[in-house]
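J.: for reference, the sequence and a predicted model appear below.
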Amino acid sequence: MKTVLFLLKVPPPVHGSTLMNQIVADSENIAANYKRLYLKQSISHSVTDIGKFSLNKIIKIFKNYINLFQALRMNDIDLVYFALTPSGKAFIKDFISILIIKQFDVPIVFHLHSKGVKKYQQKKFFHFLYNYAFNNEFCIILSSKLKDDIVNCNFKNHFILPNGIKDNCKNNLTSIDSSFTITFLANYLYDKGVFEYLEVIRILNHKIKNFRFDLIGQPKDISLEQVNEFICKNDLKAKLRYIGPLYGQEKFTALQSSDLFIYPSNNDCYPLVLLEAMQCSTPIISSFEGGIPDIVRNNVNGFLVEASAIDEMAIKSLKIYNDPDLKMRLSSMSRKLYEDNNTVEVFENRLSLVIDQIITEIEND
C-alpha cells in the first residue's frame, strides 16, 4: 500500500477550500486505498482572521514546517498531496513547505481550490517561485474552464476534479409556494455580487407582489449597515425574510424553502454554495465566472448571465416566476446534476483514481 502525506488546511475558518480539505481528511475511501499521513496546515481561526498578522500565527507556521520535516524524515512517503494556496503571501508561506518536500525528492500533487497563478506570474519574483515549485510536479484543478490560470506552468501533468459535498437535502424537491423566495448565500464580499443581487431584488420589487428575499452570509468587505442602508433606501424591508449568517441545518432549511438562488459572482472557481443549492433542488441564476458553467447549465438547472447584467438576471428571474413548469423542471435537474456529478462519494472515487494515476506515472518514469 502506497503512503501519501496530506497537507491540508481544514476548518476553522469555514470556507470552500477548507471544507473540501476536511472531506479529504475524513475520507474512508482514501483511508482504505492508501497508508495516509495527515498534517493540519491551518493557522487562522475565522474568515476575518485571514491575512492578519499575529505572533501565534508565526509560531504555528514554524511548527508546521518542523512537523513536515519530521514526517518526511521518519516515513517512506510515495506522494505528497498539497492543498496549496497558489497566490499572494499565503503562497510564499506554502513555498517554504515546498522547499522542504523537494529536499526529500518526493513527488507532489498540488490541489488548487483557488486561482491567481497567471496574474502573479507577471511578477518576476513569483514567476521564479512558480517555476521552481511546479517543475515536473502534478496538479489538480476544479474545472477545464480554469486551465488558463496554469497554462504557463511546467507541471508534468494536470487533472480535472470537480468538487463534491455531503448530501444534506435528500429527496426534497422545491414546492411552488404562494410566496416566491429568492435567496443569496455567501460572505458579504463585493466580488460575490451582493449589491448586484440587491439591484435585481430592487427591480423585481416593482414587478412581483408576492415574493420574499434572503441575504444569507457573514459580513466581510461589506457591512450589515451598508446592506441595511440599501434595503431601507429602496423600500425593500417588508420583502426581507432573513439577513445575516446561517449555519448547519438552518442554512439548508433556508435553501430548501427557496424558489430561486441568485449568485452573480465575478471571482470564483467552483463554489460549493451552488452545489448546496443544487442538492436542495433550487434553480440557479449565476455568472460565467470560473468553473460555474460546469455547475449551472443554461436552461437545464438554471441560467447563466454576465455578473454585471442586472437587467438580464431580473428577466430570467421573472421567467422562472411566471412559468411553474419551467421552475419545476429546473428544480428537478438541479438535484439530478448534483447526484450525478457532485456528491461526496463521486468526489472521493475520482480523487482516488487521480492519485492512482499519478502513482502509476511516477512508477513508470
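T.: Alright, I've got the coordinates. Residues are numbered from 1 along each chain as shown.
J.: the stretch 251-365 of the chain: strands as residue ranges?
T.: Under the criterion DSSP state E, counting those that start in this stretch, strands of the stretch 251-365 of the chain are mapped to 260-263, 284-286, 302-304.
J.: between these, which one is closest to Y242.
T.: Closest approach to Y242 among the strands of the stretch 251-365 of the chain is made by strand 260-263 (13.8 Å; CB to CB). The C-beta positions use only the backbone N, C-alpha and C, and glycine is treated the same way.
J.: given the closest one, what are its sheet partners and their directions?
T.: Take DSSP bridges as the rule and strand 260-263 pairs in its sheet with strand 180-185 (parallel), strand 284-286 (parallel).
J.: domain parsing for the chain?
T.: The chain resolves into domains spanning 3-164+343-364, 180-341 when parsed by automatic domain parsing.
J.: what's the distance between D167 and E306?
T.: Here the criterion is CB to CB, to the nearest Å. By it, D167 lies 31 Å from E306.
J.: same check on S257?
T.: 28 Å.
J.: comparing those two, which shows the higher neighbour count?
T.: Set S257 next to E306 and count neighbours by other CB atoms under 10 Å: S257 wins out with 19 against 13.
J.: tell me the pLDDT at the more buried one?
T.: What the model reports for S257 is a pLDDT of 92.
J.: that one contacts F180, correct?
T.: No: the criterion here is CB atoms under 8 Å, and S257 misses it with F180 at 11.1 Å.
J.: coming back round to it: and the strands of the stretch 251-365 of the chain as JSON lines, adding distance to K119, mean pLDDT and mean neighbour count?
T.: Converted to JSON lines, those look like this (distance: least, CB to CB, whole Å; pLDDT from 0 to 100; neighbours: other CB atoms under 10 Å):
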{"stretch": "strand 260-263", "distance to K119": "23", "mean pLDDT": "98", "mean neighbour count": "26"}
{"stretch": "strand 284-286", "distance to K119": "22", "mean pLDDT": "98", "mean neighbour count": "25"}
{"stretch": "strand 302-304", "distance to K119": "23", "mean pLDDT": "98", "mean neighbour count": "24"}
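J.: mind putting those into a markdown table with distance to S352?
T.: Formatted as a markdown table, the strands of the stretch 251-365 of the chain follow (distance: least, CB to CB, whole Å):
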| stretch | distance to S352 |
| --- | --- |
| strand 260-263 | 30 |
| strand 284-286 | 29 |
| strand 302-304 | 30 |
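J.: what about Q249, neighbour count?
T.: By other CB under 10 Å, the residues close to Q249 number 10.
J.: also E225?
T.: That count, for E225 with other CB under 10 Å as the rule, works out to 8.
J.: what's the spacing between it and I231?
T.: Taking CB to CB, one finds E225 at 11 Å from I231.
J.: got it, and Q249?
T.: The value you get for Q249 to I231, if CB to CB is used, is 26 Å.
J.: so which of the strands of the stretch 251-365 of the chain is nearest K63?
T.: Nearest to K63 among the strands of the stretch 251-365 of the chain is strand 260-263 (37.5 Å), distances taken as CB to CB.
J.: does M313 touch L198 like I think?
T.: No: with contact defined as CB under 8 Å, M313 does not reach L198; the gap is 11.3 Å.
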